[in-house]
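**Student:** sequence plus the predicted model coming up.
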Amino acid sequence: MEIDTKPLGDRSVVLRLDGRLNMVAAPRLKTAVESAVDGGAPRVVVDLSDVAFMDSSGLGALIAALKRTRQAQGDLRIAGVNAQVATVLKLTNLDRVLRPFPTVEAATDGW
């Protein structure tokens, strides 16, 4: 999985993921979020538009990232969720905690 980091204004960053968010890639997502928060960007949007598949490890990485951003007085939002990822979120009821936004722009509205 590839992760492209794009600063987005003051204290915000977009992490664009490409590939499969699974147990192999999950640690990379955690590291990318840690780097963003430590670099002064506690508001993180994870763009999942190009993520073909997410398993429970990927879901765990998103929850860990949400916790890390909130500890830094920020937030984590997800955008561009496909049907498979939406199903995983819905089945685990985590779509209530990680509410998906249709686009990065919609996710950052109000920041």
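**Tutor:** Thanks, I have the structure now.

**Student:** now the residue nearest to the spatial centre of the chain. Its backbone dihedrals?
**Tutor:** Nearest to the geometric centre of the chain sits V46, at 3.0 Å (CA atoms, centre = their mean). Phi and psi for V46, reported as degrees, to the nearest 10, are phi -100, psi 110.

**Student:** for K67, see how far away it is.
**Tutor:** 14 Å (CB to CB, to the nearest Å). No exception for glycine: its C-beta is placed from N, CA and C like everyone else's.

**Student:** what of V13?
**Tutor:** Distance from V13 to K67, by CB to CB: 17 Å.

**Student:** cool, A41 as well?
**Tutor:** 16 Å.

**Student:** of these two, which one has the most company?
**Tutor:** A41 (23 against 12; other CB atoms under 10 Å).

**Student:** which element is the more buried one on?
**Tutor:** Of the helices and strands defined by DSSP states H and E, none includes A41.

**Student:** which non-adjacent residue is nearest it?
**Tutor:** Distances taken as CB to CB, 6 or more residues apart in numbering put V13 closest to A41, at 4.1 Å, once the chain neighbours are dropped.

**Student:** pull out the buried positions in stretch 47-58.
**Tutor:** D47, L48, V51, M54, D55, S57, G58 (16 or more other CB atoms under 10 Å).

**Student:** output it as PDB, nothing but the C-alphas.
**Tutor:** The C-alpha atoms that make up stretch 47-58 are tabulated as PDB, following Å, rounded to 0.1, in the frame of the first residue of the first chain:
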ATOM      1  CA  ASP A  47      -8.700   9.300   1.700                       C
ATOM      2  CA  LEU A  48      -9.800   5.800   1.000                       C
ATOM      3  CA  SER A  49     -10.900   6.400  -2.600                       C
ATOM      4  CA  ASP A  50      -8.200   4.000  -3.900                       C
ATOM      5  CA  VAL A  51      -8.400   1.400  -1.200                       C
ATOM      6  CA  ALA A  52      -9.800  -1.800  -2.700                       C
ATOM      7  CA  PHE A  53     -10.000  -3.800   0.500                       C
ATOM      8  CA  MET A  54      -9.900  -3.300   4.300                       C
ATOM      9  CA  ASP A  55      -9.800  -6.000   6.900                       C
ATOM     10  CA  SER A  56     -10.000  -5.900  10.700                       C
ATOM     11  CA  SER A  57      -6.400  -4.800  11.000                       C
ATOM     12  CA  GLY A  58      -7.000  -1.800   8.800                       C
END
